[in-house]
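> Fold the following, please.
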Amino acid sequence: MYHFFTDKKNIGEQTVIIEGSDFNHIKNVLRLREGEEISVGNGEDENDYRCLIEKFEEDRVVCKVIFVKKANVELPSKVYLYQCLPKGDKMEFIIQKCVELGVSEIIPVSSKRCVVKLDDKKAKSKIARWQSIAEAAGKQSKRAIVPFIGQVKSFKEAVEDAKKADIKLIPYELCEDAESTKNIFADLEGGKDIAIFIGSEGGFDEEEVKYAFENGFTPITLGRRILRTETAGMTVLAWISLCLEILKK
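I've put the predicted structure just below:
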């Protein structure tokens, strides 16, 4: 079943309206027809509106609500990914896959070893593009919410922002304490917010790591091999999903 998002204001007790690019996608790309069933969310909560397509108007789809249920697809903890800016289009891949894995928010970070530098104009354009990728990935993976892509922050700004989280983790290649890492994930509990810091291709500067440690971050190891920046965040999210959704059941 196809899943779409629409603004909260377009959802009523008996009717759901879908507009914009999704209207064209439903009508002209997927070629769905009146009477077909779809799933619709507002991207903000876990309400899943099951609807029948009632009619196509000039620039919108009108749907009839059959029933509403809780989607129950979100991780039991909010996960904030602070991703240092990678080269090329790797950020798009990271966003897509981390949304599939359940991330709540992705905050781009400009660290000392980032090759990519974005001015305000470029950053605004990139964030708009990244947000659309997050929404598309949310539809594909049938997420209840659309993860938010934040503004680009400096490393210190990101550390300050991450203080809101209950658990703050930083994968670090010099951390070899596998037992400590194992215990951190074994002790994870739903309801606790988790912040993850991932370095760019060049990793973190030593002063950045020191600053993170001084502000409550815990180093973890991701194993004996060095992972690419586009792999590291996905690995941590997969472990969190395993611990909270599978092993704790």
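> only C-alpha atoms for contact and neighbour calcs from this point on.
Noted.
> And the strands in this protein, which stretches?
3-5, 15-19, 37-41, 47-56, 60-70, 79-84, 105-110, 148-149, 153-154, 167-171, 194-198, 218-220 (DSSP state E).
> Just checking: what are the partner strands of the fourth one?
If I follow you right, that is strand 47-56. Partners of strand 47-56 in the sheet, by DSSP bridges, are strand 37-41 (antiparallel), strand 60-70 (antiparallel).
> what does that strand contact?
Here strand 47-56 makes contact (CA atoms under 8 Å, 6 or more residues apart in numbering) with 16, 27, 33-41, 61-71, 144.
> quick revisit: quick one: the strands of the chain as JSON lines, columns for distance to V99 and mean pLDDT too.
Formatted as JSON lines, those follow (distance: least, CA to CA, whole Å; pLDDT from 0 to 100):
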{"stretch": "strand 3-5", "distance to V99": "15", "mean pLDDT": "94"}
{"stretch": "strand 15-19", "distance to V99": "22", "mean pLDDT": "95"}
{"stretch": "strand 37-41", "distance to V99": "16", "mean pLDDT": "95"}
{"stretch": "strand 47-56", "distance to V99": "18", "mean pLDDT": "95"}
{"stretch": "strand 60-70", "distance to V99": "19", "mean pLDDT": "94"}
{"stretch": "strand 79-84", "distance to V99": "10", "mean pLDDT": "98"}
{"stretch": "strand 105-110", "distance to V99": "9", "mean pLDDT": "96"}
{"stretch": "strand 148-149", "distance to V99": "10", "mean pLDDT": "96"}
{"stretch": "strand 153-154", "distance to V99": "20", "mean pLDDT": "94"}
{"stretch": "strand 167-171", "distance to V99": "19", "mean pLDDT": "95"}
{"stretch": "strand 194-198", "distance to V99": "14", "mean pLDDT": "97"}
{"stretch": "strand 218-220", "distance to V99": "22", "mean pLDDT": "93"}
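> Please convert the ones you listed to CSV, extending it with distance to A136.
Listed next are the strands of the chain as CSV, based on distance: least, CA to CA, whole Å:
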stretch, distance to A136
strand 3-5, 9
strand 15-19, 15
strand 37-41, 13
strand 47-56, 17
strand 60-70, 18
strand 79-84, 18
strand 105-110, 15
strand 148-149, 12
strand 153-154, 24
strand 167-171, 28
strand 194-198, 23
strand 218-220, 31
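> which one of these is the most hemmed in?
strand 79-84 (a mean of 26; mean count of other CA atoms under 10 Å).
> State the paired neighbours of that one in the sheet, together with their directions.
In the sheet, strand 79-84 lines up against strand 105-110 (parallel), strand 194-198 (parallel) (DSSP bridges).
> JSON lines please, covering those and showing distance to L85.
Formatted as JSON lines, those follow (distance: least, CA to CA, whole Å):
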{"stretch": "strand 105-110", "distance to L85": "6"}
{"stretch": "strand 194-198", "distance to L85": "9"}
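> closest one to K168 among those?
K168 lies closest to strand 194-198 among the strands paired with strand 79-84, at 4.7 Å (CA to CA).
> sorry, back to before: which stretch among the strands paired with strand 47-56 comes nearest Q131?
Between these, strand 37-41 lies closest to Q131; by CA to CA that is 16.5 Å.
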